[in-house]
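In: Fold the following and give me the result.
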Amino acid sequence: MTSVSLKLLYLYALLLNYSKIMKLKHAAIYVLALLFVACTVDKDQLVIKGTVVGAKKETLYLKKMVNQKVILIDSLVLSPKGTFKFKSEIPAYPEFYFLNLKEGGSITLLSDSGQQIVVETTFDNFVDEARITDNKYSQRIQDFNKEMAQLRADFINYRSQYESADAEKRKELVDGMTVRLNAFKNGWAKEIVTESKSFYAYYLLYQRITDDYLLYDPYSQEDSKYYKAVANVLSVYFPDAPRTKALLSSVKQVMAEKQTQILRQMIEDAPEGIPEIVKPDVNGKDRRLTDLKGKLVVLNYWASADAKSRQWNKVLKSIYSKYRSQGLEIYQYSADKSKLIWEDAMTKDGITWISVCDFEGEGSDALWKYNVKKLPSTYLISKKGTLLGAYDDEIKLREAIKNNI
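Out: Have a look, this model is predicted:
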């Protein structure tokens, strides 16, 4: 064989190997691309999947809680083996989802841990036999709902017996149900405290035994602490979540209503009218709150070192400017202990209404007479000298003034 022929054979071999190498290279790239797609396809999606054993070609519905309403967001026909897979965008904040068939109850899910929720259940006992994996809180909600269903059944049975029972039997029923209810509440309250940074705790708070009976009563001194705890923690972890804002607003409203109830009781127990406050103004002249009868009065408590109080002074200044000529007056007590600091703050904030101070701080009777627990605190007193309410919301205060001026 000539040298030319040998060279041609060598070149052919190189080309053949190169072709194989390139094919392998392209194949490897293709496989890597498939793996990449497989790994990233659900990156920004919430996946809810699982199996409903014994369900063939049944329709499964996925719903979501939106603005306190349950809306349908997707549905599918189960495979012959009962498998299913829903995909949805991962919500900005943890959300509640519900799985249900055409008939029967729903399986409640909470999307706050991971991107996947796996549900295994049966067609015959869709809710009761559901087991949820890859999502701790959804399974705990499932456990809670089972126990809650039994409590509701016991409560209905209790009410049925109570209606036809005599006095002695009624007392026995009430005592028994009270023990049952307290044991249930105390058990789950531990989870409300330990899991307060999750909307799972929020879910537990708002469950009802009946339509008119909340499990945890926000107006109860014992139960209200759980609402406050969850609201405070969620405001740190999820400050902009709609549910956090709603819970905080609800807690503030309950606190204001309870404050008003306490004040009204104090007023009813007082010899005559609202509790009197007599304190010196900046010139040393005693100013009586009751001397303002005939005017609509904003009673405000503040302190110069409190940033919220100083911000609230801007609100009061706007209100005073608008309604002073219509018969509104502001009687403001300062919890300061230094006259110099108090006067300096008054000058800087442009206070021209009645402002008094006895320099006793939190020990002053002016605070306990109106059960003041925080600064600033604001109350509205009618022209007849009756308490109209406590307000920490500017819009509600303005509305009350407009309706009573």
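In: Helices of the stretch 101-250 of the chain, start to end?
Out: Counting by DSSP state H, counting those that start in this stretch, the stretch 101-250 of the chain has helices at residues 136-164, 167-194, 199-205, 221-237, 242-269.
In: what's the angle from the second one to helix 221-237?
Out: When you say that, I think you mean helix 167-194. Angle, helix 167-194 to helix 221-237, by axes from the mean of the first three to the mean of the last three Cα atoms, to 10 degrees: 20 degrees.
In: Which other helices and strands does helix 167-194 contact?
Out: Applying 3 or more Cβ pairs under 8 Å, 6 or more residues apart in numbering; DSSP states H and E, one finds that helix 167-194 contacts helix 136-164, helix 199-205, helix 221-237. Any C-beta I mention is one placed from the backbone N, CA and C, and that applies to glycine too.
In: Look up how far Arg324 lies from the closest residue to Lys369 other than its chain neighbours.
Out: Counting by Cβ to Cβ, 6 or more residues apart in numbering, the nearest residue to Lys369 once its immediate chain neighbours are dropped is Pro275, at 4.1 Å. For Pro275, the distance to Arg324 equals 24 Å [Cβ to Cβ, to the nearest Å].
In: the more surrounded of these two?
Out: Residue environment comparison for Pro275 versus Arg324 gives the larger neighbour count to Pro275, 18 against 14, counting by other Cβ atoms under 10 Å.
In: Just the element for the more buried one, please.
Out: Taking DSSP states H and E as the definition, Pro275 sits outside all helices and strands.
In: switch to numbering from 260
Out: Shifting the count to begin at 260 puts that one at Pro534.
In: Can you give me the distance of it to Met514?
Out: From Pro534 over to Met514 the distance is 20 Å, taken as Cβ to Cβ.
In: got it, and Gln466?
Out: Using Cβ to Cβ, one obtains 22 Å as the distance from Gln466 to Met514.
In: Please identify which of those two sits among more neighbours.
Out: Applying other Cβ under 10 Å to Gln466 and Met514 shows that Met514 carries more neighbours, namely 18 against 15.
In: what number of residues lie near the residue nearest to Tyr485 when sequence neighbours are not counted?
Out: With sequence-adjacent residues excluded and distances taken as Cβ to Cβ, 6+ apart, Tyr485 is closest to Ile451, at 5.0 Å. With neighbours defined by other Cβ under 10 Å, the count for Ile451 comes to 23.
In: coming back round to it: please tabulate the helices and strands packed on helix 426-453 in TSV, including the columns distance to Ser597.
Out: What follows is the helices and strands packed on helix 426-453, written out as TSV (distance: least, Cβ to Cβ, whole Å):
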stretch	distance to Ser597
helix 395-423	51
helix 458-464	43
helix 480-496	31
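In: Go through the ones you listed and name the closest to Val574.
Out: With distances scored as Cβ to Cβ, the stretch of the helices and strands packed on helix 426-453 nearest to Val574 is helix 480-496 (21.8 Å).
In: Let me know the average pLDDT across that closest one.
Out: Here helix 480-496 scores 92 as its mean pLDDT.
In: mean pLDDT for the helices of the stretch 360-509 of the chain: which is lowest?
Out: helix 501-528 (a mean of 79).
In: so after it, what's the next helix or strand?
Out: Assigned by DSSP H and E, the successor of helix 501-528 is strand 537-539.
In: Can you list the buried residues in that next one?
Out: Buried residues in strand 537-539, defined by neighbour count with 16 or more other Cβ atoms under 10 Å: Lys538.
In: Mind giving me the packing neighbours of it?
Out: Applying 3+ Cβ pairs under 8 Å, 6+ apart, one finds that strand 537-539 contacts strand 545-547.
In: In the sheet, which strands lie alongside the strand it packs on, parallel or antiparallel?
Out: For strand 545-547, the pairing partners within the sheet under DSSP bridges are strand 537-539 (antiparallel).
In: Measure how far the strand it pairs with is from the centre of its chain, please.
Out: Per Cα atoms, centre = their mean, to the nearest Å, the displacement of strand 537-539 from the mean C-alpha position of its chain is 41 Å.
In: How about stretch 431-450?
Out: Computed by Cα atoms, centre = their mean, the separation of stretch 431-450 from the middle of its chain amounts to 24 Å.
In: Contacts for that stretch next, please.
Out: The set of residues that contact stretch 431-450 without belonging to it, under Cβ atoms under 8 Å, 6 or more residues apart in numbering, is 399, 403, 406, 410, 413-414, 417, 420-421, 424, 459-460, 463, 468, 474-475, 482, 485.
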